[in-house]
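Peer 1: Provided below are the primary sequence and the corresponding predicted coordinates.
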Amino acid sequence: MPTSSVSPPVPGRRTAWAEGLDELRAAATTEPGRLRVIGAVLALLVVVFGAVTAWQVSDRAAAADDVVERSQPLSADAASIYRSLADADTTAAGGFLAGGEERRTTRERYAADIATASELLVKASANTRGSDAAGRLISRLSRQLPRYAGLVETARTNNRQGLPLGGAYLRYANEQMRTELLPAARALYDAETGRLSADYGAAKAWPWWALASGVVALGVLGWAQRRHYRRTNRVLNRGLVAASAASAAVLVWLVAGHAMARSGLSESYEHGARSLRVLNEARIDALQARGDENLTLVARGAVLTKDQKDFYEVGFVSGMTDLAGAGRGGAAAGSRLGVAAALADDEAGRRPVREALSHVREWQERHAQARAADDRGDYEQAVAKVIGTDRPTRESFDRVDAELQRALVHEQGEFRSAADGGRGAFRGLAVGAAVLGVLAAVGAVLGIGRRLSEYR
């Protein structure tokens, strides 16, 4: 029988990837091959270093810009919304006490507060960056503000006609302000302040990936130069030295620039943003105390706490304690004015806070006189002590508010100056890192190329 022959198996064809690896291994066994690999790695490392530095610095510069151009202004606008609403409520109560003789300036102030709140709500809605929480709060405030204004107008109409129902409408309007509008405004302010803190954190965060890649790039460049020296006894390779110098310049610039930016931003927060927050809260405390003072006379004991004390008088005392602390002396350390004075870093910032405290103590004395008149049944005298023309508490409140506004203007300038200095430290760093990274890569390639030319 004829025997059949079996063909040997044909070996599978190798992939291009496998063949490329073999060629790379073979090349790496020779000094020129090893130099080519070293050159490629060095060029890659310095380019990565420059790119990562440019990326992380750009992110932090954008966050610093947000702090100055978006977050802090939005936080200030949210505080202004709260203040405008509280001032409108306070002004409405003060106008109600005047009865049919409500001043034109009082009506204009109330109308200006409502208009300011409405305009700022529209502005905030356009700049919320898609925040669901902030958007819901703004929509809620926009819906409820016209309802509140309607209740106030009804109270005014009844009051001008001498109808006691006007007081009930005003108390209901005040309840809506306290339980719905002001809590929503406060939540919006807290949300915007939280966004400001988050932007501060993003701007001040150390660019660890860039720092790590820079250390690695410099380390490998140092190793390459040491290897060059050991094999050739030549101290310097100009290309590698240039690459090392460019990489070191980027790393030093990165560390120094970011440290300066952090310092400026930290100063703007400690002596600007924090001061602004405390001063805004001090103005809110003063406004709420003024509103409670007016409503004490409007309600005439109709609203009581659980322990049968006048609800609005208790609120006035609590607001004054938060504002300046108990007693009649200097501001308590934990009070709004005490904290504001401690945060102020110069005399121009401390002086209006001291003046505000002086007027707060004056206000408390005049308030005590008004309460004494009311307690002895002289209601007209009590009203005169609050909204009249002979040293009324209204005058003291206006002075407190004016001094706090002066302090706010000063601290706003301090914030802007420090924050601009901080974000200015980032200027040019991203572009400079990218350019120097490319130059370092070129230097590394040229340095290795010079060494390779000796083998031709």
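Peer 2: Thanks, I have the structure now. What you are looking at is a predicted structure, and each value in this text was computed from that prediction instead of being measured.

Peer 1: which parts of whichever strand or helix holds residue 254 are buried?
Peer 2: With elements delineated by DSSP states H and E, residue 254 resides in helix 238-268, which encompasses its position. Using 16 or more other CB atoms under 10 Å as the test for burial, helix 238-268 gives 239-240, 242-244, 246-248, 250-251, 253-254, 257-258, 261-262, 264-265, 267-268. No exception for glycine: its C-beta is placed from N, CA and C like everyone else's.

Peer 1: same question, stretch 329-345
Peer 2: Within stretch 329-345, the residues that qualify as buried by neighbour count (16+ other CB under 10 Å) are 331, 332, 335, 336, 337, 338, 339, 340, 341, 343, 344, 345.

Peer 1: so among those residues, where is pLDDT lowest?
Peer 2: Minimum pLDDT for those is recorded at residue 331 (74).

Peer 1: these two touch, right, that residue and residue 350?
Peer 2: No. Distance between residue 331 and residue 350: 11.1 Å, which falls outside the contact criterion (CB atoms under 8 Å).

Peer 1: contact partners for residue 147?
Peer 2: Taking CB atoms under 8 Å, 6 or more residues apart in numbering as the contact definition, residue 147 lies against residue 176.

Peer 1: and it, how far from residue 321?
Peer 2: Using CB to CB, to the nearest Å, we find residue 147 at a distance of 32 Å from residue 321.

Peer 1: what do you get for residue 387?
Peer 2: When distances are taken as CB to CB, residue 387 and residue 321 turn out to be 23 Å apart.

Peer 1: which one's more surrounded, these two?
Peer 2: Neighbour totals were compared for residue 387 and residue 321, and residue 387 leads with 24 against 15 (other CB atoms under 10 Å).

Peer 1: show the contacting residues for that one.
Peer 2: Residues in contact with residue 387 (CB under 8 Å, 6+ apart) are 94, 97, 98, 294, 394.

Peer 1: in what helix or strand does the last one lie?
Peer 2: The one in question is residue 394. Assigned by DSSP H and E, residue 394 belongs to helix 393-424.

Peer 1: just among the contacts of residue 387, which is most surrounded?
Peer 2: Across the contacts of residue 387, neighbour numbers were computed from other CB under 10 Å; residue 294 holds the maximum, 29 neighbours.

Peer 1: which residue, neighbours along the chain excluded, lies closest to it?
Peer 2: The shortest distance from residue 294 to any residue that is not its chain neighbour, by CB to CB, 6 or more residues apart in numbering, is 3.6 Å, and that residue is residue 93.

Peer 1: and residue 165, by the same measure?
Peer 2: Spatial nearest neighbour of residue 165, excluding adjacent residues (CB to CB, 6+ apart): residue 158 at 4.8 Å.

Peer 1: was I right about the one you found contacting residue 173?
Peer 2: No. Taking contacts as CB under 8 Å, residue 158 lies outside contact range of residue 173: 11.8 Å.

Peer 1: which one of the two is surrounded by more residues?
Peer 2: The residue with more neighbours, out of residue 158 and residue 173, is residue 173; 25 against 18, by other CB under 10 Å.

Peer 1: phi, psi of the more buried one?
Peer 2: Listed backbone geometry of residue 173 is phi -60, psi -40, with angles given as degrees, to the nearest 10.

Peer 1: hang on, isn't it packed against residue 148?
Peer 2: Yes. Contact status for residue 173 versus residue 148: in contact at 5.7 Å, counting by CB under 8 Å.

Peer 1: what about residue 382, neighbour count?
Peer 2: Look at residue 382: counted by other CB under 10 Å, it has 23 neighbours.

Peer 1: so who does the closest residue to it other than its chain neighbours touch?
Peer 2: Leaving out its chain neighbours, the residue that sits closest to residue 382 by CB to CB, 6+ apart is residue 374, at 3.7 Å. The contact partners of residue 374, by CB under 8 Å, 6+ apart, come to 296, 297, 382.

Peer 1: what do you get if the cut-off is 10 Å, keeping everything else the same?
Peer 2: 296, 297, 300, 301, 310, 313, 380, 381, 382, 383, 385, 386 (CB atoms under 10 Å, 6 or more residues apart in numbering).

Peer 1: to what extent is the third one buried, counted in neighbours?
Peer 2: It refers to residue 300. Neighbours of residue 300 (other CB under 10 Å): 13.

Peer 1: and it, how close does it get to residue 181?
Peer 2: For residue 300, the distance to residue 181 equals 24 Å [CB to CB].
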